[in-house]
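Fold the stuff below for me.
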Amino acid sequence: MEINDEESTLAKEIANAVAFHGHLGPFLVLGVRMGIIGMRELGLQANDNDGRLRVTAFLKYSIPISCTLDGIQVTTKCTMGNQKLKLKDSSNISAKFALHNGKEITVSVNSTVYDKLKSQLLAEKISSKEVGHLAQQIASIPEEDLFITKRNF
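Alright, predicted model coming up:
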């Protein structure tokens with residue numbers, strides 16, 4: 001099987017996020033994928049955020065859902081610390097990526113996928129191996145099935 005550039009970028013960014021976050025999990029992978037989409041759609045290269053980008057994440061600030069934030073931070077270099085990443089409470093998961101020129105994209109997790117993921121993670125105690133398997137599933141779901149994107153440009 002041939003790995004294309006997009007898969008290679010995703011694998012590299014997931015590895016970077018795991019090194020930063022401490023372990024692999026499905027919400028971390030969601031954040032990585034959201035960050036990659038936001039950067040790509042706004043014409044920014046990975047690790048090439050020159051400070052123009054701001055991100056607002058909409059999600060519950062509770063583990064494991066909040067792990068999404070670390071994936072976004074690693075891929076965009078917008079962090080809570082540099083105040084380029086803001087958090088707003090929401091029952092769903094989405095992120096708005098905005099440039100100073102007004103160009104924006106909002107990436108939302110498909111609610112059907114999100115509900116299924118929550119039920120799998122929270123149904124009963126699952127092993128770290130099963131959590132890793134869920135993360136791999138999230139990495140492999142086609143972008144158009146996993147996310148809903150809205151562009152303002």
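
Return the residues in contact with the residue lying closest to K84 once chain neighbours are set aside.
Nearest residue to K84, sequence neighbours excluded (C-beta to C-beta, 6 or more residues apart in numbering): C78, at 3.7 Å. Yep, even glycine has a C-beta here, placed from its N, CA and C like the rest. By C-beta atoms under 8 Å, 6 or more residues apart in numbering, the residues touching C78 are N49, L53, R54, V55, I72, K84, L85.

Equivalent analysis for D70, please.
A17, F20, H21, L28, G31.

Figure out the helix or strand that it lives in.
helix 67-76 (DSSP states H and E).

Moving C-terminal from that helix, which element do we reach first?
strand 85-88.

For the protein, which helix or strand comes out least confident on mean pLDDT?
Using mean pLDDT, DSSP states H and E, helix 111-122 stands out as the lowest-scoring helix or strand of the chain, at a mean of 84.

List the buried residues of that one.
V113, Y114, L117, Q120, L121 (16 or more other C-beta atoms under 10 Å).

could you pull out the helices for this structure?
Ranges of helices within the chain are 5-21, 26-41, 67-76, 111-122, 128-140, 143-146, based on DSSP state H.

For these, give me JSON lines that also has distance to L99.
Output for the helices of the chain, formatted as JSON lines (distance: least, C-beta to C-beta, whole Å):
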{"stretch": "helix 5-21", "distance to L99": "20"}
{"stretch": "helix 26-41", "distance to L99": "10"}
{"stretch": "helix 67-76", "distance to L99": "12"}
{"stretch": "helix 111-122", "distance to L99": "27"}
{"stretch": "helix 128-140", "distance to L99": "27"}
{"stretch": "helix 143-146", "distance to L99": "21"}
